[in-house]
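Show me the folded form of this:
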Amino acid sequence: MSLVFRPARADEIQRAQELVVRSINDLTERHGFGPMATLRPPDFQLFSLKDDPDGLWVAESDGEIVGFALSWVCGKLWFLAELFVAPSHQGRRVGNELLARTFEHARKAGATNKSNALELLVAFLQAYVFAILTCIYLNDATVDGEQIWLALHLFYELPNDRAELSRLFKDPQMEAKGRLDR
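Residues are numbered from 1 along each chain as shown. Next comes the predicted model:
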């Protein structure tokens, strides 16, 4: 069984996404949750391939895609969006090799800020929880997308007092601009 690592091609992105779904569902089924992932159109993956083709890699064994990595560079930001290995090939350093190639992609592109989907999800969830708690604290149980957006940008530099928090969420200028629906 020969294992080949190479750049991904547009005509195989759909097969790579099938691997992603199989890998996620294998994991969730092994932990008793049943299948959770479904196949969706690979719009972001195809955009990434067109915009930054050096960031998409496949691992292939006997003509079958057994690993897939997608990283994307935008300016100085490097983002690891997907890294999946077929259950039959896990533990064989396939993921390590794909990850090494995406790190090299970041190095060549000059990216100095590195992130991944999990970090962004955690940041979003932290901001979402913060927005909910702030609205409850201000005795207003409504939360909308703009409040979450504001919380994302303020999360790590928040004022300590309630009056300042209240001012931020009830600023008439923000409401007049349609930034916050209250």
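
Longest strand in this protein, by number of residues?
strand 64-74 (DSSP state E).

Extract the C-alpha set from it and format it as CSV.
The C-alpha trace of strand 64-74 is given here as CSV (Å, rounded to 0.1, in the frame of the first residue of the first chain):
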residue,chain,number,x,y,z
GLU,A,64,-8.5,6.4,-2.4
ILE,A,65,-8.4,9.7,-0.5
VAL,A,66,-7.5,8.7,3.1
GLY,A,67,-6.6,12.2,4.4
PHE,A,68,-7.5,15.8,3.7
ALA,A,69,-6.2,19.1,5.0
LEU,A,70,-7.4,22.6,4.2
SER,A,71,-5.5,25.7,5.4
TRP,A,72,-6.0,29.2,4.1
VAL,A,73,-3.9,32.3,4.3
CYS,A,74,-5.4,35.8,4.3
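
list the buried ones in that strand?
By neighbour count on 16 or more other Cβ atoms under 10 Å, the buried set for strand 64-74 is Ile65, Val66, Gly67, Phe68, Ala69, Leu70, Ser71, Trp72, Val73. Bear in mind the C-beta positions are built from the backbone N, C-alpha and C, glycine included.

can you tell me the distance between the two ends of stretch 47-58?
End-to-end distance for stretch 47-58: 17 Å, by Cα to Cα, to the nearest Å.

For that stretch, the averaged confidence score.
For stretch 47-58, mean pLDDT rounds to 92.

which residues of the protein fall in helices?
13-30, 43-51, 94-109, 117-137, 145-154, 162-170, 172-176 (DSSP state H).

In terms of mean pLDDT, which of the ones you listed ranks lowest?
Looking across the helices of the chain, the weakest by mean pLDDT turns out to be helix 172-176, at a mean of 43.

Mind giving me the packing neighbours of the longest strand of the chain?
With contacts taken as 3 or more Cβ pairs under 8 Å, 6 or more residues apart in numbering; DSSP states H and E, strand 64-74 sits against helix 13-30, helix 43-51, strand 56-61, strand 77-85, helix 94-109.
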